[in-house]
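Participant: Turn this into a structure:
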Amino acid sequence: MGTTRPETVPEPKYWHLRTVLSNALDSEFEVGEILPNERELAARFGVARATLRQALEQLELEGRLQRRRGVGTTVAPPRVGIEVEPARHGWPGAPGDAWQTEGCEESAPPAAVAGMLGADADRTVFTVHRVRVVHGQPVATELLYVPAASVPGMSAIETDAGAARGRAVLRELNRLEPGGQDRSVELGSARAEDAKRLDRLPGAPVLVVTTRYFAAGGTAAVAVSTYRADTCRLTFGDTGGVALMAS
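Facilitator: Reported below is the predicted structural model:
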């Protein structure tokens, strides 16, 4: 690995270091190879460890590096775009939906979600846990919040809490006539629970997609999907549509 020192260039130190490291990843490292530890890299490039961390975080965000529990920082495989979050015209759980249902519980939603649902903050809703797997690796988790009013048939369905109950909620939700949806996307940091399920460190960059589903003039459900930012990218179509892609 080269040792070009950032002090010799006018651009921000971490950005120049990011460029040097990126070139080294292309020429000197193989996919999956573990990088030297932070102390060795900081000494080699003559930078503070804080500057090094900024460069590594930028490369992780760009999908060049992956930081794994108990392993360290490794060279990421190249991204191959696969559409995993197309514009949904139906309900979650409809035919063609590639998400896997992992569980379900009745709990009070976060205040922001309760506001979108028009529900009291302390009123419980069905919370369905789902995961999206691409090429054998989890790339996203999802919490789907469904108020009892959207799935009245659940009162007559006796299933234990878990994946079976989650699938029952989805079947009942699909009985409604879709009335449209809206979505928002923001960059965030992985919560401990999401990081564990996505095999990433807490605080790792993620893309959070919030989808609100409408029916009968109101909000029938809200999905909060958390994607690994190191494997996903957003693409904007000519018609103004947005596709979320993952490698």
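Participant: Buried ones in the longest helix along the chain, by neighbour count?
Facilitator: Using DSSP state H, we find that the single longest helix of the chain is helix 13-28. Using 16 or more other C-beta atoms under 10 Å as the test for burial, helix 13-28 gives Lys13, Tyr14, His16, Leu17, Arg18, Thr19, Val20, Leu21, Ser22, Leu25. (Each C-beta comes from the backbone N, C-alpha and C, glycine too.)
Participant: Also stretch 52-61?
Facilitator: So for stretch 52-61, counting by 16+ other C-beta under 10 Å, buried means Leu52, Gln54, Ala55, Leu56, Glu57, Gln58, Leu59, Glu60.
Participant: got it, and stretch 106-120?
Facilitator: Ala108, Pro109, Val113, Ala114, Met116, Leu117, Ala119.
Participant: of all those residues, which two lie farthest apart?
Facilitator: Ala108 and Met116 (13.9 Å; C-beta to C-beta).
Participant: what about Ile34, neighbour count?
Facilitator: 12 (other C-beta atoms under 10 Å).
Participant: Per-residue pLDDT of it, please?
Facilitator: With respect to pLDDT, Ile34 scores 92.
Participant: what's near enough to touch the residue lying closest to Gly72 once chain neighbours are set aside?
Facilitator: Computed as C-beta to C-beta, 6 or more residues apart in numbering, the closest residue to Gly72 that is not its neighbour in sequence is Ile34, at 5.0 Å. Ile34 makes contact with Val71, Gly72, Thr73, Thr74 under the criterion C-beta atoms under 8 Å, 6 or more residues apart in numbering.
Participant: List phi and psi for the first one.
Facilitator: This means Val71. phi -120, psi -50 (degrees, to the nearest 10).
Participant: got the contact list for it?
Facilitator: Contacts of Val71 by C-beta under 8 Å, 6+ apart are Ile34.
Participant: What pLDDT is listed against it?
Facilitator: Val71 is given a pLDDT of 81.
Participant: any idea how far it lies from Ile157?
Facilitator: Computed as C-beta to C-beta, to the nearest Å, the Val71 to Ile157 distance reads 43 Å.
Participant: Run through the residues that contact Leu35.
Facilitator: Applying C-beta under 8 Å, 6+ apart, the residues near Leu35 are Phe29, Leu41, Leu65, Gly72, Thr73, Thr74, Val75.
Participant: For these, which entry has the maximal number of neighbours?
Facilitator: Busiest of these [other C-beta under 10 Å] is Leu65, holding 22 neighbours.
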